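**Q** Please find the sequence and the predicted model below.
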Amino acid sequence: MIRFPTFGSVYARLRQSLAILFLGRFLSSLATGLFNITLLWLAIESAHRVEELATVLILRLLPFVLFGLVGGWLGDTLDRRIVIIAGDFGRTVTILVSIMALSAGADILPVLAASGFLLTSLRSISSPAVRAIVPDLCGTRALHRANGFLEMIGYAVVMITPVLGGMALARFSHITVLAIIGFLFLGASLVSVALPLRRRARQRPSPPAADYRMLLAFMGRRRTGFLVFMGLNIVAVIAVSGAEALVIPAQTNALFPKDPAFLGTILSLMAASAVGGALTAGLMRTWPQQFTVHVAWIAYALSLGTVSLVDG
């Protein structure tokens, strides 16, 4: 019989708090995944030029770079429960305003760009608080299992939401799908209200600007070879991400313009393969790391090169 982790028999209240956190993160992650596939499909359908589509996708990802350290600072300064609740409730409001704008006849691309940027901004700001609150709820004794369970929720949602979102878009209007997403964010916010309110000692954390200066100073002290490698790797990741987020969905839409469920299935399979690759990387020893990096990029180049063979 399968036994779920209990984190110790004397911690019933803490287990309940962790269950609340896990449920809230599941609902929030589910809503995020559904929005991502909805944004992608609607942007592909509505964009007249590839530059418009690329702008929408870039604005959705940009906040991860801009506001990650700000989120860490807020998690250290404010009550983490409040940060989590505000993040999900803010995303609920963002979805509601987007629905109102689309219902009033606003152009869909600016609405998608603005909502994608705001949703990712709120996510990048509240995510550090989610990680930081886990030790408050379970202590160090069960921290590794709690974090592992949280990671498992994220991986599962990443794999199932594209196909679920594609099926929803094939069956319902995009306004209805956005309303479902808004209700999920609202549910995550309401569930998180039940998290325990923790009194934290007063402290004076350094401002976010100091964290950014520290990051730049750290990168500046690295060797030239390391910086070159990081630069090339970042360019390669951008290229691969562009192919995955732009070329493959665009080709799928060109061949199957009325079937968002098919696009969702492809993206779910890609997510499953990414999870499998991550698990495989965890089994590798130290000595083949450089070799596996070269093999990975060669495999990426060959696999993405086959996309050019597809002709509508």
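**A** All right, it came through fine.
**Q** Ile181: what secondary structure?
**A** With DSSP: H, G, I helix; E, B strand; the rest coil as the basis, Ile181 sits in helix.
**Q** which ones are touching it?
**A** By CB atoms under 8 Å, 6 or more residues apart in numbering, Ile181 lies in contact with 31, 34-35, 38, 95. In this view, the C-beta of every residue, glycine as well, is placed from N, C-alpha and C.
**Q** Pull out the buried residues from the helix or strand where Phe185 lies.
**A** Assessed by DSSP states H and E, Phe185 sits inside helix 174-192. The neighbour-count criterion (16 or more other CB atoms under 10 Å) identifies 174, 177-178, 180-182, 184-189, 191-192 as the buried residues of helix 174-192.
**Q** again with stretch 110-130
**A** For stretch 110-130, by 16+ other CB under 10 Å, it's 111-130.
**Q** and it, how far from the chain's centre?
**A** Relative to its parent chain, stretch 110-130 has a centroid offset of 10 Å by CA atoms, centre = their mean, to the nearest Å.
**Q** How about stretch 144-163?
**A** Distance of stretch 144-163 from the chain centroid (CA atoms, centre = their mean) equals 11 Å.
**Q** immediately after the top helix by length along the chain, which helix or strand?
**A** The longest helix of the chain (DSSP state H) is helix 12-46. Next helix or strand after helix 12-46 toward the C-terminus (DSSP H and E): helix 50-77.
**Q** by how many degrees do that next one and helix 12-46 diverge?
**A** If you take axes from the mean of the first three to the mean of the last three CA atoms, to 10 degrees, helix 50-77 sits at 160 degrees to helix 12-46.
**Q** Check which residues of the helix or strand that comes right after helix 50-77 are buried.
**A** Next along the chain after helix 50-77, taking DSSP H and E as the criterion, comes helix 80-103. By neighbour count on 16+ other CB under 10 Å, the buried set for helix 80-103 is 80-81, 83-92, 94-95, 98-99, 101-102.
**Q** Same question for stretch 137-146.
**A** Across stretch 137-146, burial judged by 16+ other CB under 10 Å covers 137-138, 142, 146.
**Q** Just the closest of the residues you listed to Ala47, please.
**A** Ala146 (41.4 Å; CB to CB).
**Q** right, and that closest one touches Ile133 too?
**A** No: Ala146 is beyond contact range of Ile133, at 10.3 Å (criterion: CB atoms under 8 Å).
**Q** okay, and for the protein, where does confidence drop off?
**A** Residues of the chain that meet the criterion pLDDT under 70 lie in 1-14, 139-140, 198-227, 229-230, 233-234, 236-245, 277-294, 296-297, 300-301, 303-312.
**Q** Go again with 80.
**A** Along the chain, the model assigns pLDDT under 80 to residues 1-15, 50-51, 54, 64-78, 136, 138-144, 197-255, 270-312.
**Q** on that earlier part again, could the contacts of Ile181 be laid out in CSV, adding distance to Val50?
**A** Converted to CSV, the contacts of Ile181 look like this (distance: CB to CB, whole Å):
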residue, distance to Val50
Ala31, 28
Leu34, 25
Phe35, 22
Thr38, 20
Ile95, 27
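**Q** top of those residues by neighbour count?
**A** Counting neighbours by other CB atoms under 10 Å, Phe35 comes out on top of the contacts of Ile181 with 29 neighbours.
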